[in-house]
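**Q** heads up, no residue letters with this:
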């Protein structure tokens, strides 16, 4: 069974404990004037220095302050990105904070500091954050890797295409080897925020692999996979309003959707779901059925499509659902989809030995 250790719990302990002690040092805290926040032309050297002084002050306290100072430093560093700053300010500020956070993530004996660094990084608006995410995803602690994935989820949509490309490759490489289930789920959700051709293709490949993983671990919930599948479908539909959808994209989406439909039908028909993931697998059936109905409307098959599942799901006729899923497999095996059977189906078996990495909890 999956050990129910959660990186969020570690982070919560870190964050709660950070407000316990009074501020021990009275320091004159620098401020950033409004004219710097709103400036949309190149900063002067003195204005850049104001930003650097502000960042240096709060980074120093984040690194070496009392518990209360650490909490305030984290809040101050984050709040500068929550106001009405110009695009220029947000970029320069983000770059300055990125540079200051990099050495903190290298301090392997200070778990709370590395977590706080990534929490701050999660609000930044520049491609430099990809480097911080990469460092975090390579950390020995699953709590840090979780926050790195969460930072990717929060920042991915606002990155420039080149930086989204770097993040796509990073996520694809990481998800293939990550063993902690909580981290994997966040990586999937981060993937779903990258609405580029490369991001969509990489996410569909990752989802295909995840379907096989879920098939061997019935106790897991497919909620993150469901959100990601829904998101990638939504992005493809939205993109179709401005340009035609490549047939290959429709084919790949249909194959992935059927793979999850097949998984859900087996799990429900074999009564392998639990009270807490039963509804998620039913939702997987509903969404994947809608995706396939949409796919054949946009890339018509050579045979008649199966009826929707909405007449069988409410009455939980899982054996009949599985038969209808098999009809979809026959359709997708033929032209124009021409999918192989092993692409469309997963083998549901006994749970694999737990490989969840929980080492960060004791650091």
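**A** Okay, I see it. Everything numeric here is computed off the predicted structure, so don't read it as measured data.
**Q** can we go C-alpha only for contacts and neighbour counts from here?
**A** Fine.
**Q** Who are the packing partners of the lengthiest helix in the chain?
**A** Longest helix in the chain, counting residues (DSSP state H): helix 247-269. The elements that helix 247-269 packs onto, with contact taken as 3 or more CA pairs under 8 Å, 6 or more residues apart in numbering; DSSP states H and E, are helix 197-215, helix 278-298, helix 318-333, helix 341-344.
**Q** I'd like a version of the ones you listed in TSV, one that adds mean neighbour count, distance to residue 63 and mean pLDDT as further columns.
**A** Supplementary listing: these in TSV, determined by neighbours: other CA atoms under 10 Å; distance: least, CA to CA, whole Å; pLDDT from 0 to 100:
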stretch	mean neighbour count	distance to residue 63	mean pLDDT
helix 197-215	20	35	91
helix 278-298	20	41	96
helix 318-333	19	55	97
helix 341-344	16	49	94
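**Q** Could you pull up the mean pLDDT of stretch 168-177?
**A** Taken as a whole, stretch 168-177 carries a mean pLDDT of 93.
**Q** ok, back up a step: may I see the buried residues of the longest helix of the chain?
**A** 249-269 (16 or more other CA atoms under 10 Å).
**Q** what about the stretch 1-150 of the chain, any weak spots by pLDDT?
**A** Scanning the stretch 1-150 of the chain for pLDDT under 70 picks out 1-27.
**Q** Name all residues that make contact with the nearest residue to residue 130 once chain neighbours are set aside.
**A** Closest residue to residue 130 apart from its sequence neighbours, by CA to CA, 6 or more residues apart in numbering: residue 167 at 6.2 Å. Residue 167 sits next to 130, 152, 156 when contact means CA atoms under 8 Å, 6 or more residues apart in numbering.
**Q** Read off the pLDDT value for the last one.
**A** Taken from the predicted model, the pLDDT recorded for residue 156 is 95.
**Q** Could you give the number of residues near it?
**A** By the measure other CA atoms under 10 Å, the count of residues near residue 156 is 27.
**Q** Number the residues from 53 up from this point.
**A** Yes, from this point I'll number from 53; that puts the last item at residue 208.
**Q** Confirm for me that it is in contact with residue 242.
**A** Yes: in this structure residue 208 lies within contact range of residue 242 using CA atoms under 8 Å: 6.8 Å.
**Q** tell me how far stretch 186-203 is from the chain's mean position?
**A** 12 Å (CA atoms, centre = their mean, to the nearest Å).
**Q** could you dump the helices and strands packed on helix 299-321 to TSV with distance to residue 121?
**A** Output for those, formatted as TSV (distance: least, CA to CA, whole Å):
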stretch	distance to residue 121
helix 249-267	39
helix 330-350	42
helix 370-385	57
helix 393-396	54
